[in-house]
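Colleague: Here is a sequence with its predicted model. Questions after.
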Amino acid sequence: MLSSLQNPLVKQLRKLHRAKERRKQACFLLEGTHLVEEADRASWPLSVVCHTAAWQQRHIDLYQQLIQQAQRVELVSEPVLEAIATTAHPDGVIAAANHQPHPVSEALPSLGLGIEALQDPGNLGTIIRTAAAAGVDRVCLSEDSVDLEHPKVLRASAGQWFRLPMEQHTAWYEEVAQLQGKVQVVATSPTAQQPYWNLDLRRPTLILVGNEGAGLSERAMQLASHQISIPTAAEVESLNVAIATALVLYEALRQRQATGRS
């Protein structure tokens, strides 16, 4: 059992709290049984799994699976697991997953999502979870957005992170521009005259959403062929970006199901 906080492996895993180290090591942390289980189901490569004795007893079948899948499985003390974790009360297992690209099809998206300069990891994780549920087939994230492999992004995605085709682009605007004329590019804007439910979202569509405070930049707005708004009561300035995204995505899903399209 690893019980020392000075153990080299423990020190290495604790460094993964920082984005710079995640890029350097090409690894990221998965905290908790649910995320580790989803990674196992997705056959995502795991370099290290650390677990407590109590966790192993509660999850014998998953433990046996991880022995087969992970490169290294270590029994650790509860204080060591707590030191590795970014959460206050880890449930007994943490894994280091290897970085690898999400599979993104070369085909045009039927329903895509372009995310510009999003900063809150909880918002991004919630958007990923909602996008997977609504049938989004591509997520394109700008480089200045929060790290896709941030622990809170993974937790908030509730495991859907492993299933959704996603890319974080250094040339995000160019990626969006390449889709102009091939799919309708739709920008959310509080000043747009057209409410989101009046736009035909059955067509191949890329929906753009922006920063929590500033919204979409002028450069991103210029890439859009349509602008839509989400009407609110007069005293309400705006909605949370994850909620706003969910409304538009589920309107697209509603329209497509009403006509038998997906």
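Modeller: Yep, it's here.

Colleague: any idea how far the residue lying closest to Phe162 once chain neighbours are set aside is from Val36?
Modeller: Excluding its sequence neighbours, the residue lying closest to Phe162 (Cβ to Cβ, 6 or more residues apart in numbering) is Ala42, at 3.9 Å. Where you see a C-beta, it was placed from the backbone N, CA and C, and this is true even at glycine. As judged by Cβ to Cβ, to the nearest Å, Ala42 and Val36 stand 11 Å apart.

Colleague: quick revisit: number of residues surrounding the residue nearest to Phe162?
Modeller: 13 (other Cβ atoms under 10 Å).

Colleague: now swap in the one 4 residues further on and tell me
Modeller: By other Cβ under 10 Å, the residues close to Leu46 number 21.

Colleague: Phi and psi next, for it.
Modeller: Per-residue torsions, Leu46: phi -110, psi 130 (degrees, to the nearest 10).

Colleague: From Asp200, how far off is it?
Modeller: For Leu46, the distance to Asp200 - Cβ to Cβ - is 43 Å.

Colleague: now do Val186
Modeller: From Val186 to Asp200 the distance is 10 Å (Cβ to Cβ).

Colleague: And those two? Which one has more around it.
Modeller: Val186 (26 against 10).

Colleague: can you confirm the more buried one is in a strand?
Modeller: Yes: assessed by DSSP: H, G, I helix; E, B strand; the rest coil, Val186 belongs to a strand.

Colleague: Surely it touches Leu223?
Modeller: No: with contact defined as Cβ atoms under 8 Å, Val186 and Leu223 do not form a contacting pair (10.3 Å).

Colleague: Between these two, which contacts overlap?
Modeller: Common contact partners of Val186 and Leu223 (Cβ atoms under 8 Å, 6 or more residues apart in numbering): Leu208.

Colleague: pLDDT of stretch 146-161, averaged?
Modeller: If you average the pLDDT over stretch 146-161, you get 96.

Colleague: cool, stretch 84-96 as well?
Modeller: 96.

Colleague: buried set for that stretch?
Modeller: 84-85, 90-96 (16 or more other Cβ atoms under 10 Å).

Colleague: Determine which two of these are furthest apart.
Modeller: Asp91 and Ala96 (16.7 Å; Cβ to Cβ).

Colleague: Report the contact partners of the nearest residue to Gln65 once chain neighbours are set aside.
Modeller: Among residues not flanking Gln65 along the chain, Asp40 sits closest, at 5.4 Å (Cβ to Cβ, 6+ apart). Shown in contact with Asp40 (Cβ under 8 Å, 6+ apart): 46, 62, 65-66, 69.

Colleague: now swap in Leu239 and tell me
Modeller: Contacts of Leu239 by Cβ under 8 Å, 6+ apart are 230, 232, 247.

Colleague: again, but for Ala131
Modeller: Applying Cβ under 8 Å, 6+ apart to Ala131 gives the contacts 113, 139, 160, 164, 245, 249.

Colleague: Just the helices from this structure, written as ranges.
Modeller: All helices of the chain, identified by DSSP state H, fall at 8-14, 19-25, 33-41, 53-58, 60-69, 78-84, 121-134, 151-156, 172-179, 218-222, 241-258.

Colleague: Mind putting those helices into TSV with distance to Val209?
Modeller: Converted to TSV, these look like this (distance: least, Cβ to Cβ, whole Å):
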stretch	distance to Val209
helix 8-14	33
helix 19-25	21
helix 33-41	24
helix 53-58	37
helix 60-69	35
helix 78-84	33
helix 121-134	8
helix 151-156	15
helix 172-179	12
helix 218-222	9
helix 241-258	5
